[in-house]
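Colleague: With the sequence up front, the predicted model follows.
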Amino acid sequence: METGPCWGASSRNEPHEICPSGLLVFAGSSEQDASLAKQFWMSASMCPTNESQLVLCRGSSQRLPVARPSGSSLPENTEVIDEALKIQESEEKVKFLQKAKRRDEIIQLLKKQREERISKELISLPYKPKAKVHKAK
């Protein structure tokens, strides 16, 4: 870790205070602890480490070289990709057809249940008590 402040000092060898006196307050600490803490904060560096800086050294490259496809393998790759796409599309089509079939089955079941409820309601309708109509006096 570097020592000395990163900002506000004209050179690293000169002992400059980062904060004006009075801003570093160590209330409730012994005089020795306060002096050690002040000494630490004066010498601590807030500069980022070398590893975290986004600067490349000369001769280094962060990019990998781009692979060039050979001319003979290019048509084979497109054929393989086209075949894979056709297989994927056919699988998706089968899935959608299965979902549509399941949806139709559910709709038929709901219609059947509705018809059964209506028929039961019609059977029990004559036996239900009639609503009383209040007559005004």
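Modeller: Perfect, thanks for sending it. These numbers were taken from a predicted model, which means no experiment stands behind them. Residues are numbered from 1 along each chain as shown.
Colleague: Walk me through the domains of the protein.
Modeller: 1-49, 79-127 (automatic domain parsing).
Colleague: State the mean pLDDT of the first one.
Modeller: Confidence for domain 1-49, expressed as mean pLDDT, is 63.
Colleague: Please apply the same query to the last one.
Modeller: Across domain 79-127, the average pLDDT comes to 94.
Colleague: Could I get the full set of helices for the chain?
Modeller: Remark: helices of the chain, listed N- to C-terminal, are 31-43, 73-124; assignment by DSSP state H.
Colleague: closest one to Lys130 among these?
Modeller: Proximity to Lys130 (CB to CB) singles out helix 73-124 among these, at 13.2 Å. All C-beta atoms are positioned from the backbone trio N, CA, C, and that covers glycine.
Colleague: Turn the helices of the chain into TSV, including distance to Leu64 and mean neighbour count.
Modeller: Shown next, in TSV, are the helices of the chain (distance: least, CB to CB, whole Å; neighbours: other CB atoms under 10 Å):
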stretch	distance to Leu64	mean neighbour count
helix 31-43	42	12
helix 73-124	20	10
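Colleague: Make JSON lines from those helices and add distance to Ala131 to it.
Modeller: Formatted as JSON lines, the entries for these read as follows, by distance: least, CB to CB, whole Å:
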{"stretch": "helix 31-43", "distance to Ala131": "87"}
{"stretch": "helix 73-124", "distance to Ala131": "15"}
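Colleague: Just the pLDDT at Ala131, thanks.
Modeller: At Ala131, pLDDT is 77.
Colleague: How many residues are close by it?
Modeller: For Ala131, the number of neighbouring residues by other CB atoms under 10 Å comes to 5.
Colleague: same question, Leu125
Modeller: Counted with other CB under 10 Å, residues neighbouring Leu125 total 8.
Colleague: for it, what are its contacts?
Modeller: Under the criterion of CB atoms under 8 Å, 6 or more residues apart in numbering, Leu125 has no contact partners.
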